[in-house]
Every structure is written in structure tokens, then in C-alpha cells.
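1. structure of the sequence below:
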Amino acid sequence: MFKLIDDFLNETTMYRVVLYVLIFLYLGAMALGAFGIMPYTPLSLAISLAIILATCLITNLVFEKVFEAPSNIESTYITALILVLIITPLSSFADLSQLSLLIWASILAIASKYILAINKKHLFNPAAFAVALTSLTLGLSASWWIGSSSMFIFVVIGGILIVKKIQRWDLVTSFLITALVTIIISSIVKGSNVLSITLTSIYGSYLFFFAFVMLTEPLTTPPTKKLRIIYGIIIGILAVPLVHIGSFYTTPEIALLIGNVFAYIVSPKGKHILKLKQKIEIGPEQYDFIFQTDKKINFQPGQYFEFTLGHKHADTRGNRRYFTIASSPTEENLRLGVKFYPNSSSFKKTMAGMTTGSELVAGQLAGDFTLPKDENKKLVFIAGGIGITPYRSMLKYLTDKNEKRNIILFYSNYKADDIAYSDVFNEAQKKIQAKTIYTLTNPDLIPKDWRGQKGYISKEMIAKEVPDYKERLYYISGSHSMVEGMKKVLHELGIHHSQIKTDFFPGFV
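-> Predicted structure coming up:
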């Protein structure tokens, strides 16, 4: 069962995981409504979905044409389903106020993505902005009905899948702990029943849906772990209805909007239009895509972008991907190293067909998989296959800056032809003494004149090549299974988890 879940998460994009979880929650509510466990009938839920989804799709089509901006249809579906799950379903068409709430919230949510955007990056969580504005202008607000005790188990199961996929435990945990502590303190101050209010907040409130689904929206969250924890704490304090300034009480949506402003202030700004300059084969089914940028991009070696490539008939993996930047900030063009597989996604197939001048949209620069500020820190880089890209960026940067650091790179590949960027690593070894150890894992394809290591990277190999292995900081980049396997190897060597940084490279499918 757990292997099936891992396979599903590894083969499905983040946006599709969120979409499937929201559909799961919606169908769960439909089932509970059919048995009378939920107060909303399947018919009312179906009507609300039809109204919201149709309004969102039409609005998105209009704004996409007017602004001539690329859009992601998955994002529209996700926004629509979130609105369905937080706004009370329409029970009768005679309820004009509720009908207007459904329609206006849908219009405002989609419009905010285009109008309230800076450099083509929307500033606010669309659903949160919509329900906050309808509350202020129409006096009609979201009920957050998804936060009921009967839906709790559905929300937790789905939410864990989302957070496991996007690896944002730091954000969700900081928010939930802060929110619960705020609730407890407020209850004590007011002399309320602390246990009762706390249990209600856990099992019968919006907190978990809000944390798993809305708080984690990638485009409106900070780019690094430290900033995400601060972000979670800020919203955790403000999202609790018990918190107020005079007669003004915060709401979950207002708290999230305030957090979005903080995230914008501390995050890299905007999106970039990249034009393909050159495509170079660097190995069997491995290519370097070299792009011209519309403006100078400031990033740290080891960081990644989210890339959008519009194409027809997108498969279940969607039209967005995360790729670590392979180029150094010292280079003029932006470089991506991409591996193609026989059953590649529609995104990858479209990318493989890109020609000179083809465009790719880059946004949401993020990542903590970067060089430590302490230049004296001894490092070990471990790479599997195309997971080598962040190390190409780092070592090219250090070489160009002539910055010597004590680095040993272990680079594992299936066969010798798969090795990429050896020119960069050879130059780094000559100029800054960064040592590279190559190893091949397929014994049947090892050349006779091979002088590197053989087999998978093991604790024996590390101990032999790195005598001071217990003193070092370790970086691991590759497939999910490779990263998890190497973490186990390092733990067997007695390496503490605080000495390990991982970069699950999500650009394989």
C-alpha cells in the first residue's frame, strides 16, 4: 500500500496531487451527504460545483485572452474546488444572496490571478482573496464547512498526501502549533474550557484544511525553510478568530492575505520568459537546454524554478515542472539539464520538441539546497543521474569565483555514457581542488578501461574516500528512492540528520 502511494506521488505533479485530493474531499462530502451525515445533499453540492466551476472557467478564458497570459487549467480547477469546499452549498436558486456569493467569489478569485499580479506572479491566494472581499463588500462570507468533524479524517488523509508530495512539513507544522498555542492561551485568558475548545479546533474546524491546502499554495509562500516557518507562525497567530484588535477580528482568509504580503516582500519577484537558444545532447536521452532570459536573474547555485510549458492535451502530470538550475549565476544564459525516459510526460515530450526561439515561463524561484555561508565547512556532494544539476551550478560558480572549498563529489550513474558535465568537474578539480569520484552501477556496461568506482555508493566507499566523513556536511540530489537510500547509508555511518541536506529532484517524469 505504502509503495503504491509513493509511486503515485512520485509520478504525479504537485498540482495534480492537490487536484485529486480536492476531488477526493468533494466526493467524500457527497457520500456523507447522501447518508445524511453531512447537512448538504449531493444535489446541492453538485449545483454549487456546476455554478462555481462554470464561472471560474469562463472568467479564466476571458482574462487569459485580455491579458494574453499563459494559464494553467489545473489551477482553475483547484481554485473552483476550494471555493466549493469553503462556501456553503446552494440549497435553492431562490437564495439569491448565496447564489451571488458563489458567482462573485468565483469571478474575483480568477480575476485576482491576473489583476493583482506583479510581473505575472499573483500576489494573493485567489480563494482567500475572493472570500475576504465578498465578506467586506457583500457581507457574505465563507462558512468553511469542510472543517467539520465528519470530514476530519478525509482532510487529514488527503492533506498528508499533499504535504508529503511538496515536502512542506516545516510550514504546516509551524502554523498548526502556533494556531493551537494561540487558541489555548486565548482560552485561558478568557476563562473558557481549554480542552473543549482545543478539541473542537482540531476535529471540527477549518485549521487542517486551511493548513494542508491553502497555506501551502506554492506561488504565495516564501522560498526557504526559515522564511516558511516565520510565515506559518505569522498566519498561525492571525488565523485564529479569537485574535482581534479592538472590534476587528481576523479571519483565516485575512490572515492568509497578510501572510501573502509578507511572502511577497521576502521572495524573489516575478516570472521570466525564457527563449531557447541551444539544445545540446549531453548523454543518451539527456539534454542541456540553454535559454536566453528576458532580464538578469539573481539566484543562488542549487536553487530551482517552477517552469510552465503550455501545450495541448496535457496528461495527468500537467504543464508545470520543477527543475534545478544547472547554470551558475556567473553565466549569461540559464541552463537546464533534463533526462528523458520512454514513458515521459506530455510536458517532457513537448519540451523535447522545442526548437530555437521556443518559450518557457520560469517562476517561483526557491530552494535551500545551497552552499553554506561558512566557506571552511567541509562538504560531500552525492548525486544520482541527472540529480547532478545543482552540483554543476555550484562547482561552476566556485570555479568562476576562484573560491576554494573542501568538496568531494560522489557521482553515480548507470553507465559511463550517462555521465554529464565532466568538463566542469575536471576544471573544478584543477582550479579549486574539488574532487569528483565517479561510480557506475551496471556491472555489464562498465568499460574495460574504467578507472572509477563500481557499484552503488556505499558506506564503505564513503569511509574509504572520505577519512574525515564524520566532520562533513552532506548534500544528496537524485530520485526519491536514491535520496532515501543514501540517507540510510549516511545514518549507518553515524552521520546526524542535521548534517544532511536533501534535494528531491522532481524533473524526471
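2. when you work out contacts or count neighbours from here on, use the C-alpha atoms and nothing else.
-> Noted.
3. what is the neighbour count of Asn193?
-> Neighbours of Asn193 under the rule other Cα atoms under 10 Å: 11.
4. next, give phi and psi for it.
-> Note on Asn193: its backbone torsions stand at phi -80, psi 100 [degrees, to the nearest 10].
5. repeat that for Ser327.
-> Dihedral angles for Ser327 - degrees, to the nearest 10 - are phi -80, psi 160.
6. so Thr436, which of the three states?
-> strand (DSSP: H, G, I helix; E, B strand; the rest coil).
7. partners of it in the sheet?
-> Going by DSSP bridges, Thr436 is paired in beta bridges with Leu409.
8. tell me which element Tyr411 is part of?
-> Following DSSP states H and E, the helix or strand that holds Tyr411 is strand 407-413.
9. quick one: list the elements packing against that strand.
-> strand 379-384, strand 435-440 (3 or more Cα pairs under 8 Å, 6 or more residues apart in numbering; DSSP states H and E).
10. pick the most buried one from these.
-> strand 379-384 (a mean of 23; mean count of other Cα atoms under 10 Å).
11. so can I have TSV of the helices and strands packed on strand 407-413 showing distance to His497 and mean pLDDT?
-> Output for these, formatted as TSV (distance: least, Cα to Cα, whole Å; pLDDT from 0 to 100):
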stretch	distance to His497	mean pLDDT
strand 379-384	14	96
strand 435-440	23	97
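12. distance to Ile58 for those strands - can I get that in a markdown table?
-> Shown next, in a markdown table, are those (distance: least, Cα to Cα, whole Å):
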| stretch | distance to Ile58 |
| --- | --- |
| strand 379-384 | 45 |
| strand 435-440 | 53 |
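13. can you give me the neighbour number for Leu493?
-> Leu493 has 16 nearby residues by other Cα under 10 Å.
14. give me the nearest residue to it, chain neighbours excluded.
-> Residue nearest to Leu493 in three dimensions, not counting chain neighbours: Lys459, with 6.3 Å by Cα to Cα, 6 or more residues apart in numbering.
15. dump the residue contacts of that neighbour.
-> Contacts for Lys459 were tallied using Cα atoms under 8 Å, 6 or more residues apart in numbering; they are 489-490, 492-493.
16. report the central residue of this structure.
-> Ile166 (4.6 Å; Cα atoms, centre = their mean).
17. nearest spatial neighbour of that one, chain-adjacent residues omitted?
-> Nearest to Ile166 is Met14, by Cα to Cα, 6+ apart, at 6.5 Å.
18. hmm, the one you found is touching Arg168, no?
-> No - between Met14 and Arg168 there is no contact under Cα atoms under 8 Å: 11.7 Å.
19. who has more neighbours, those two?
-> Met14 (24 against 18).
20. can you list phi and psi of that one for me?
-> phi -60, psi -40.
21. okay, and Thr495 sits in which element?
-> In this structure residue 495 is Ile, not Thr. Applying DSSP H and E, one finds Ile495 in no helix or strand.
22. give me the number of residues near it?
-> Neighbours of Ile495 (other Cα under 10 Å): 19.
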